[in-house]
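>>> here is my input; please provide its structure:
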Amino acid sequence: MTIAVPLLAAVAAYTAGKSRKLHGLIYIAAIAISISSVTMVFGGLNRFTLSFPEFSWAVILGLEILLAGIFLYYAVRLKSMIIAAAAIIEIISSALSPWNAAPPLAVDSLSMVLILITSLLGSVILVYAVRYMRNDDRQREFFTTIFVFIAAMNGAVMANDSSWFILFWGVTSLCSFLLIKHPGTDESQKAARLALTINTAGGAALAVGMYLAVSYYNGESLESFSSASLAVPAIFLIAAAMTKSAQFPVESWLPGAMAAPVPVSALLHSSTMVNLGVYLLLRISQVFADSPALSAGVAFIGLISFVAAAVLAAAQSNAKRLLAYSTISNLGLIVMCAGIAQPHALMAAIVLLIYHALSKALLFLTVGSVKEKIGSEEIEDMRSLSGKSSFLTAALITGIVSITLPPFGMFASKWMIIGAASANPGIIIPLAIGLGITSLYYFKWIGVVISPTDPPVRDKQPKEYRFSITILLLSIIALSVSIIPLAQGIARAASKTFELSPDLFTLEVSGGLFPLVIILLVSIISFLAFFIPPKGRHIKGYACGESEEYLPTGEYYLSKKQQTVFKNFVYALSVFIFFLMVIVGVF
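Presented below is the predicted three-dimensional model:
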């Protein structure tokens, strides 16, 4: 149902007529998608598989050929040899792969977590998009693609057979390309081409890895990736995961993808599609546990991405680009945990996956509303935002605090990650540096937003915006309050997939709870003080008739040239570690 409902909604959206009819359909579809996912996950089905007749393999192969044909069409239009070669490699690898008897669809606790994230966040963002895209001339195409993406994403995390997984993986790449280029600007067209190039190359690596696993290493399904004997195909799957989750040195497509409309950035490029790469790494993490070389290589690539992306995020003046690099950074943490492949690290990765999706969706949607309010995504243009909209200011601050401070879920998951990495000084020191830089750029943003202004203004946000943002706010607060039972429940459900125990999740501190109480009191008082109007009215000093305007003249901390030099260094380091991992892990 989690695949069929979005597909039916896609057909209905494409055939819908007037905007009012289309919008009504979207509301109904959002409710249906939410209900179908919740019913499946909480309907008592802890784990199940679905099998199909043998001829279904031919149907899937036919769909893969069709998808490859679409990629070849765009390769010709974009004059890209890389896209064309990737499409050909993918279809040859899939065609040569033998049919296997493994169930094509298998759902376990990890799949259910991703299904809930995709379906519930997708439904909330669909409601937001109804308003945001109201003046777009191609709403039918936009919403049709969104529905197809939700179906493909759910299909990918349910897929157990390699052919099914490759198909759904490729569809998410196609949807991302179509949605990035949707605005039709030169910037969006270039960004879409780069995204398609990198993601189709990743798809080719995925297809080759799956072909090797099935044909030579008895890897009949994703569930069978559980020993060091699969190290060779795992190398290709690692490369594919890096492209999808935008890890260094192939991260450049994600900041460029911010040219897409805000709902696309909130859904695909922060909380769902980019999760597919880390999902794959978590799925095959047992291979890393049995191969020290692969474990160290994946962990250090994730760590490098975490720190490097944090440095680049601190240099951004555009809010969406800052959030893009922050997404790369947090995904790097999850990649690092998958590489460590110990139960404590895997538990932290799953918890971080959930809370990161919620917080980033909230921040992207809020930035979209802020842009509509003030006409800009630049952080410096958000000065005195509280004097224009107290609701958006509160949402923005809550989203940032939910990433950086206790008692929110992301802070707790990072606490777990520190515990998992504490035995390795080669990881813990860069990890501490990256966490410090993360706090730097987020609190810098808060400082801009709450700069002195007139008393906060309670403006009226459109009901779609207020609904979506409020739902995400309440979800973050509710899940953070219940983080310990939630995490223990996830551990209990995931015990068959990973060696997890509910006892793994604790938040013990040697100094007791007093520091946490102090932080909470200061945070609550500061937040409430924000809504207390200052005495009098804030005015600028008399300047004898001279005008005064704040004009930013460059980037924060690093110039564009310095960012390029830094990126090139990180690229070289990432490539070196990857090939060192290949040489040591395989030979």
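
>>> tell me where the stretch 301-450 of the chain has helices.
319-340, 343-374, 390-404, 409-421, 425-449 (DSSP state H, counting those that start in this stretch).

>>> now the second one: buried residues?
Put plainly, it is helix 343-374. The neighbour-count check on helix 343-374 (16 or more other Cβ atoms under 10 Å) flags 343-371, 373-374 as buried. C-beta coordinates here come from the backbone N, C-alpha and C atoms, glycine included.

>>> with the last one instead?
Buried residues in helix 425-449, counting neighbours by 16+ other Cβ under 10 Å, are found at 427, 430-431, 434-435, 437-438, 440-442, 445, 448-449.

>>> and the next element down the chain from it?
Heading C-terminal from helix 425-449, the first helix or strand you meet, by DSSP states H and E, is helix 463-481.

>>> so what touches stretch 151-160?
2-7, 10, 37, 49, 102-107, 110-111, 114-115, 118-119, 164-165, 167-169, 171-172, 175, 221-223, 272-273, 276, 279 (Cβ atoms under 8 Å, 6 or more residues apart in numbering).

>>> now, of those residues, which are buried?
Neighbour-count burial (16+ other Cβ under 10 Å) applied to the contacts of stretch 151-160 gives 2-3, 5-7, 10, 37, 102-107, 110-111, 114-115, 118-119, 164-165, 167-169, 171-172, 175, 221-223, 272-273, 276, 279.

>>> in strands, which of those appear?
Of those, the ones assigned to strands by DSSP state E are 105-107.

>>> want to throw those residues into a markdown table with distance to Thr197 and pLDDT?
Formatted as a markdown table, those follow (distance: Cβ to Cβ, whole Å; pLDDT from 0 to 100):
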| residue | distance to Thr197 | pLDDT |
| --- | --- | --- |
| Leu105 | 30 | 81 |
| Ala106 | 31 | 81 |
| Val107 | 32 | 83 |
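
>>> pick out whichever of the residues you listed sits closest to Leu573.
Ala106 (37.1 Å; Cβ to Cβ).

>>> nearest spatial neighbour of that closest one, chain-adjacent residues omitted?
Asn160 (3.8 Å; Cβ to Cβ, 6 or more residues apart in numbering).

>>> separation between that neighbour and Leu206?
Separation of Asn160 from Leu206 (Cβ to Cβ, to the nearest Å): 15 Å.

>>> okay, those two: which has more neighbours?
Leu206 (27 against 24; other Cβ atoms under 10 Å).

>>> low-confidence stretches in this protein?
18, 44-55, 99-102, 217-221, 224-229, 452-458, 491-557, 585-587 (pLDDT under 70).

>>> apply 50 and report the result again.
Residue ranges of the chain with pLDDT under 50: 553.

>>> list the contacts of Ile284.
For Ile284, the contact set (Cβ under 8 Å, 6+ apart) comprises 222, 225, 230, 234, 237.

>>> among those residues, which are in helices?
Among the contacts of Ile284, the members falling in helices (DSSP state H) are 234, 237.

>>> so which of the contacts of Ile284 is the closest to Thr197?
Nearest to Thr197 out of the contacts of Ile284 is Leu237 (Cβ to Cβ; 19.5 Å).

>>> count of residues packed around the closest one?
By the criterion of other Cβ under 10 Å, Leu237 has 27 neighbours.

>>> against Ile301, how distant is it?
For Leu237, the distance to Ile301 - Cβ to Cβ - is 13 Å.

>>> same check on Pro98?
32 Å.

>>> what does Leu63 give?
Distance from Leu63 to Ile301, by Cβ to Cβ: 32 Å.

>>> so between the two, which is more surrounded?
Comparing Leu63 with Ile301 by other Cβ under 10 Å, the one with more neighbours is Ile301, at 25 against 16.

>>> contact partners for that one?
Ile301 neighbours (Cβ under 8 Å, 6+ apart): 242, 247-248, 332, 335, 339, 574, 577-578, 581.

>>> contacting residues for Arg138?
His182.

>>> just the CA coordinates of whichever strand or helix holds Pro255, formatted as PDB?
Assessed by DSSP H and E, Pro255 sits inside helix 253-256. Listed next in PDB are the C-alpha coordinates belonging to helix 253-256 (Å, rounded to 0.1, in the frame of the first residue of the first chain):
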ATOM      1  CA  TRP A 253      25.400  18.200  -6.400                       C
ATOM      2  CA  LEU A 254      23.500  18.700  -3.200                       C
ATOM      3  CA  PRO A 255      24.300  22.500  -2.600                       C
ATOM      4  CA  GLY A 256      23.500  23.100  -6.200                       C
END
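
>>> now do the helix or strand following that helix: everything it contacts.
Sequence order places helix 262-267 as the next helix or strand after helix 253-256, per DSSP H and E. By Cβ under 8 Å, 6+ apart, the surrounding residues in contact with helix 262-267 are 121-122, 125-126, 128-129, 132-133, 146, 149, 179-180, 182, 257-258, 273, 320, 323-324, 360-361, 364-365, 367-368, 371.

>>> that older thread, which ones among the buried ones among the contacts of stretch 151-160 lie within helices?
Using DSSP H, the buried ones among the contacts of stretch 151-160 in helices are 5-7, 10, 37, 110-111, 114-115, 118-119, 164-165, 167-169, 171-172, 175, 276, 279.

>>> show me how far the helix or strand hosting Gln562 is from its chain's centre.
Using DSSP H and E, Gln562 falls within helix 560-586. Taking Cα atoms, centre = their mean, to the nearest Å, the mean C-alpha location of helix 560-586 is offset from the chain mean by 22 Å.

>>> got it, and stretch 323-337?
8 Å.

>>> kindly report the same for stretch 351-368.
8 Å.

>>> what's near enough to touch the nearest residue to Tyr442 once chain neighbours are set aside?
Closest residue in space to Tyr442, ignoring its immediate chain neighbours: Ile400 at 4.8 Å, by Cβ to Cβ, 6+ apart. By Cβ under 8 Å, 6+ apart, Ile400 lies in contact with 363, 442-443, 445-446.
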